[in-house]
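K.L.:
I need the structure of the sequence given here:
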Amino acid sequence: MSVVAAVVIVAFGVFLIALTGVAFAKPALAERFVTAFASSARTHYAEQILRLLIGAALVVLAPTMWQPKVFWLLGWAVVMSSVALMCVPWQWHHRFAERVLPTVVRHLQLCAAGPFVFGALLLYAVFAGSGTA
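P.N.:
All right, here's what the predicted structure looks like:
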């Protein structure tokens, strides 16, 4: 189970770093990707299922990661927020996205710094953790 969780977290960390690269190399592609979130019930629920998977992987892997309590709490926060978002109408998520996305798109490269830092932090936490160091 921990190996699967580690693969999920490492893949997510690499994905976040790659997304930052795309935001700089092909901003139009990154914009299309970001604006697809909550654009339909299908994308909303797909996003929440992926978030649940990532959150659960964090909870499972946290004991072997650097700063285990932080990543355990973060994992549970992701799980609980995903469950909450699955319980509300997807249109609420869509309306929120409609308000926030214009600012994100306008400052896409600046906003891409967050996923880069978080992706790098995830990779560091996995590989510097007590179970793998």
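K.L.:
for the protein, which helix is longest?
P.N.:
helix 2-25 (DSSP state H).
K.L.:
what about this structure, any weak spots by pLDDT?
P.N.:
130-133 (pLDDT under 70).
K.L.:
Helices of that one, residue ranges please.
P.N.:
2-25, 27-35, 41-61, 68-87, 90-106, 108-111, 113-127.
K.L.:
quick one: the fifth one to chain centroid distance?
P.N.:
I take that to be helix 90-106. 16 Å (Cα atoms, centre = their mean, to the nearest Å).
K.L.:
what residues does it touch?
P.N.:
Identification of contacts with helix 90-106 by Cβ atoms under 8 Å, 6 or more residues apart in numbering yields Glu31, Val34, Thr35, Phe37, Ala38, Ser39, Ser40, Ala41, His44, Tyr45, Leu85, Cys111. All C-beta atoms are positioned from the backbone trio N, CA, C, and that covers glycine.
K.L.:
Now the two most distant members of those.
P.N.:
Ala41 and Cys111 (25.2 Å; Cβ to Cβ).
K.L.:
surely Ser2 meets Ala62?
P.N.:
No. Look at Ser2 against Ala62 with Cβ atoms under 8 Å: they stay out of range, at 10.2 Å.
K.L.:
Now for the closest residue to Gly119 other than its chain neighbours, how many residues are close by?
P.N.:
Counting by Cβ to Cβ, 6 or more residues apart in numbering, Gly119 lies nearest to Leu16, which is 3.1 Å off, once chain neighbours are set aside. Neighbour count of Leu16, defined by other Cβ atoms under 10 Å: 20.
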